[in-house]
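[1] Structure of the sequence below:
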Amino acid sequence: MAAYVSEMRPSTILRFLRTGLLAVLALSASGCTPLKRGSAPETGSALEYTSASITRDRWGVPWIDAPSDAGAAYALAYAMAEDGYVELEDTYARALGRAAAWYGESEVESDVLRLSLGGEAAVRAAYARVTAAESTVYRAFADGLNDFMRRHPERPPRQIVRYEPWMVFAATRDAALVAPLERLLRSDAAAEDAMVARAGSRLLSSGSAARPYELDIRTADGWRIHGFAALGSAVPAEGFTSALAFAPAPLQLDSLLDRVVVRSNDPTVEASTYSLRVNTATGVVTRNVRVMRIGRGVVVAQRGDTAFVLGPEYIAGDRAHQLRAVARAEDAAAVAVGGAGTDVLFVDATGAANFDGARSAAAGRAAHAARLIEAGAQRDSVRFKALAFDTEVESASAEIRGLVDEWEQVGAGNPERAFKLDSAIMQLRAWNGRCTPASTAAALYASYIDQLRPQLMAGSYARFLALETVIGDTRRYPPRAWRDMNAVSRPAPPGSPTVAALRIPTAAMPSRYGTMFAYEAGERMQRTIWWVDLSTGSAASVMSYGQSWESGSPHWFDQAVLFAGGAMKPVVARSTDTGGTPYRPFVPLQ
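    The predicted structure is shown next:
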C-alpha cells in the first residue's frame, strides 16, 4: 500500500473563486477567453466554490475535496469534461432527445424513447420538484461544465452552448432510469451483463456501461464516497462510504415492461405527435413521430404487433435522489429509500443487507455466485474478491452431457453422420469448463452455444444440429484459441492516425455464457468491477479501458492490462483535509 500511496500525484489542482468579477479576472490572467454565445456561468448566486480541489491518482481517478456538495459537484463536472468533453456532450444530447439532430437516423429510436417518456417538458417539470439542496448540486455541476467551455475555447460546442441545471438533472435521471431501460429494449439478455454478489459486509459489483466514471468525493457537509457515476451525471450510481456499500440490482425486462398485442382500431390506444430533428444528407430536417399510450402505460418499443408498455411508476421514479441519499448516509437507518421492488442493493458495515429488491442478476450467474459463497470457497476476503474473475462456465457440464446424448442417439442410427462430430465431441468432453486465453475448447463451446440459440425451436436433436453446423463452418472450425475470438480492445479513435487500436488477450467471456468474469469486445462498452470489505476497510476497483476518453491521455487504456489479467487496483482512501495532508488507509466506522 505504501508504494501505491507514494504514486499519488496532484496532476490537476483547481481552485475556484466564484464571483463574476474574480472569475473574469482569473480567466484573463490565465490567457483564456470568456465563453462566447452567452454561456457564462451563473453569477450573483449564493454558490461559492472556494477551495474545491482535484487531485488525480496514478490512474487518473479524481480525488475531490470541497467544503460543500455544490463545490464537489462543480469540481466533478470539470474533471469529467477534462477526461472526455466530446463524449460528455454526446451524453447530454442523448439524454435531451437531441442525438438524431447530430448523428442522424441511427439515433432516431433513442430520441423517440425519450419523447415517449415525456421529453424535455417532463424533465423540466420533474426538476421543478427537486429539493433546494439537490437543485444547488445540479446548478453547481452546470457551472462547472460552462466554466470548462469558457476556459477551453478551442473546443467549440456542437449543440449545447450553455448548460442549465435542468439539463444536468436530465442527464442524471437518464443515466439512472432511461439508459438501463434502453439497453434492455435492445436485447432481452442485457440484464445478464450486471452482477452483484454479497457476503457479510462485503459487496462485489460487476457490470458494463457506455461511459462509466470513477470518482472519490469528500465534502465537509457529509458527502464521502468512492464509486462510479455515468459520465455527465452529478450523482454516483454505485460505490461505498465508510459505513455503506451500494450497487444497482440489474433490471429485468419481464418485471419492468408489459407485452401487449396491438390491434388496429383498439379504443385503449392513444397517440401523440412530437417533432424530432434528424440530420440527413440534405441537412437537418424536422420529422413528426408518433408516441402511443395503452391504458396506464407508455409504449416504449414495438416489435411487430407486440408493444412494450412501461408503467407510470417507473417514469415518475427519482432514483437519482435515492442514490444521493445512500451516498450521504452514515448508517443503514438513515437511508431514505426502501420498499418492495427497489433497485438499489446495499450492505452496511455489520454485514446486514438492506432493500434487497425483487430484481436480481441473471439467474445462472447469480446462482453460481451464491453457490460459491455458500460452499465457503469465498468466505475470506481474498477469495470473495477473486469471484469477479472466475471463468468457470457452470452450465457447460450439463449442456455437454445433453449434447453427447444426442450425438450417441444419432450415431445409433446414422454412425457415418455422427462420426464427423467425433473430434469436436472429444474436445468438449475433455474440457474442464474453464476459459483461458489459449483454450480452443472454450472457443468451440462458445460457437456451439451461439449456434444453439437460434436452433432451440428447431425440434429434435437441436444440440446435435447446432454442433454439426459449427463443424461445417470453416470460419469457426477447427476452433481458434479464445484469445483470437475475444480480447480487451479499444478501437483507434476516428481521425487519430497516431493512435492505434489496442488489444490485450483475456480469459473473460461475454456474460451470456454464464461466467463471472465477463467482457465482450464487440459491445464497445467499458466494464467496471469494484469490491469492498466494510469490516476491514479494504477496497479495490478496475475498468476494462481506463479513466479517460481522450486518446492522447495516458489513462485511455492503462487499466486494460489489469483487467485482462484478472486484477484490480487498490482503492486508497484519504483524509478529507486538503493542502498536502498525507493519504491514509480507508478506516471504517466503528
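[2] Contacts for stretch 314-322, please.
    Here stretch 314-322 makes contact (C-beta atoms under 8 Å, 6 or more residues apart in numbering) with 117-118, 122, 126, 130, 134, 169, 172-173, 175-177, 181, 233-235, 256, 298, 336-337, 342-344. Using the backbone N, CA and C atoms, a C-beta is placed for each residue, glycine as well.
[3] would you list every one of the strands in the stretch 301-450 of the chain?
    306-310, 344-348, 353-354 (DSSP state E, counting those that start in this stretch).
[4] elements contacting the first one?
    So that's strand 306-310. Where contact means 3 or more C-beta pairs under 8 Å, 6 or more residues apart in numbering; DSSP states H and E, strand 306-310 is packed against strand 257-261, strand 283-294, strand 297-303.
[5] how distant is that strand from the center of its chain?
    With C-alpha atoms, centre = their mean, to the nearest Å as the basis, the distance from the averaged C-alpha position of strand 306-310 to the chain average is 24 Å.
[6] And what about the nearest residue to residue 119 once chain neighbours are set aside, helix, strand or coil?
    Spatial nearest neighbour of residue 119, excluding adjacent residues (C-beta to C-beta, 6 or more residues apart in numbering): residue 97 at 5.7 Å. At residue 97, secondary structure determined by DSSP: H, G, I helix; E, B strand; the rest coil is coil.
[7] For residue 97, the count of nearby residues, please.
    27 (other C-beta atoms under 10 Å).
[8] now do the one 3 residues further on
    Around residue 100 sit 25 other residues, with neighbours defined as other C-beta under 10 Å.
[9] check contacts around it.
    For residue 100, the contact set (C-beta under 8 Å, 6+ apart) comprises 106, 107, 108, 110, 111, 276, 277, 278, 279.
[10] and the residue nearest to residue 119, how far is that from residue 123?
    Distance, residue 97 to residue 123, by C-beta to C-beta, to the nearest Å: 9 Å.
[11] circling back: closest to residue 428 out of the helices and strands packed on strand 306-310?
    Proximity to residue 428 (C-beta to C-beta) singles out strand 297-303 among the helices and strands packed on strand 306-310, at 34.3 Å.
[12] can I get the CA coordinates of stretch 506-525 in PDB?
    Below are the C-alpha coordinates for stretch 506-525, written out as PDB (Å, rounded to 0.1, in the frame of the first residue of the first chain):
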ATOM      1  CA  THR A 506      -8.100 -12.200 -21.700                       C
ATOM      2  CA  ALA A 507      -9.900 -15.200 -20.300                       C
ATOM      3  CA  ALA A 508     -13.100 -13.100 -19.900                       C
ATOM      4  CA  MET A 509     -16.200 -14.300 -21.800                       C
ATOM      5  CA  PRO A 510     -19.400 -12.500 -22.700                       C
ATOM      6  CA  SER A 511     -21.800 -12.800 -19.900                       C
ATOM      7  CA  ARG A 512     -24.300 -14.800 -21.900                       C
ATOM      8  CA  TYR A 513     -22.100 -17.900 -21.400                       C
ATOM      9  CA  GLY A 514     -22.500 -17.600 -17.700                       C
ATOM     10  CA  THR A 515     -19.000 -16.800 -16.400                       C
ATOM     11  CA  MET A 516     -18.500 -14.300 -13.600                       C
ATOM     12  CA  PHE A 517     -15.600 -12.700 -15.400                       C
ATOM     13  CA  ALA A 518     -17.400 -11.000 -18.300                       C
ATOM     14  CA  TYR A 519     -16.300  -8.900 -21.200                       C
ATOM     15  CA  GLU A 520     -17.400  -8.700 -24.800                       C
ATOM     16  CA  ALA A 521     -15.100  -6.900 -27.300                       C
ATOM     17  CA  GLY A 522     -17.800  -6.400 -29.900                       C
ATOM     18  CA  GLU A 523     -20.100  -4.500 -27.500                       C
ATOM     19  CA  ARG A 524     -17.700  -1.500 -27.200                       C
ATOM     20  CA  MET A 525     -18.800  -1.000 -23.600                       C
END
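[13] mind checking how far that stretch is from the chain centre?
    14 Å.
[14] Make 474 the starting number, not 1.
    With 474 as the first residue, the last one maps to stretch 979-998.
[15] Okay, buried residues for that stretch please.
    Using 16 or more other C-beta atoms under 10 Å as the test for burial, stretch 979-998 gives 979-994, 998.
[16] model confidence over it, on average?
    Averaged across stretch 979-998, pLDDT comes to 89.
[17] try stretch 554-568
    94.
[18] Tell me where the stretch 924-1063 of the chain has strands.
    Counting by DSSP E, counting those that start in this stretch, the strands of the stretch 924-1063 of the chain are 960-963, 975-978, 999-1006, 1011-1016, 1042-1043.
[19] Ok, which of the ones you listed comes nearest residue 1034?
    So among the strands of the stretch 924-1063 of the chain, strand 975-978 is nearest, using C-beta to C-beta, at 6.1 Å.
[20] State the paired neighbours of that closest one in the sheet, together with their directions.
    Its sheet considered, strand 975-978 pairs with strand 960-963 (antiparallel) by DSSP bridges.
[21] Just give me how far the strand it pairs with sits from the chain centre.
    With C-alpha atoms, centre = their mean, you get 17 Å for strand 960-963.
[22] Also stretch 883-893?
    Worked out by C-alpha atoms, centre = their mean, stretch 883-893 lies 47 Å from the chain centre.
[23] All the strands of the stretch 524-673 of the chain, in order from the start?
    So, for the stretch 524-673 of the chain - with DSSP E, counting those that start in this stretch - the strands run 526-529, 535-539, 668-672.
[24] Skipping adjacent residues, who's closest to residue 588 in space?
    Residue 588 sits nearest to residue 747 (C-beta to C-beta, 6+ apart), 4.7 Å away.
[25] what stretches of the stretch 574-723 of the chain score poorly on pLDDT?
    660-665, 723 (pLDDT under 70).
[26] ok now do residue 1006, which residues does it touch?
    So residue 1006 contacts 674, 675, 854, 857, 1012 (C-beta under 8 Å, 6+ apart).
[27] about what we covered before: can you tell me which of the contacts of stretch 787-795 are buried?
    590-591, 595, 599, 603, 607, 642, 645-646, 648-650, 654, 706-708, 729, 771, 810, 815-817.
[28] mind listing the helices for the stretch 524-673 of the chain?
    542-568, 572-576, 581-589, 592-600, 605-624, 638-646, 652-659 (DSSP state H, counting those that start in this stretch).
[29] What is the first one packed up against?
    Right, helix 542-568. The contact analysis (3+ C-beta pairs under 8 Å, 6+ apart) places helix 542-568 against strand 526-529, strand 535-539, helix 572-576, helix 581-589, helix 605-624, helix 638-646, strand 685-692.
[30] got the phi/psi numbers for the residue nearest to residue 799 when sequence neighbours are not counted?
    Closest residue to residue 799 apart from its sequence neighbours, by C-beta to C-beta, 6+ apart: residue 719 at 4.9 Å. Dihedral pair for residue 719: phi -140, psi 150, per degrees, to the nearest 10.
[31] What about residue 719, how many residues nearby?
    Quick note: residue 719 (other C-beta under 10 Å) scores 29 neighbours.
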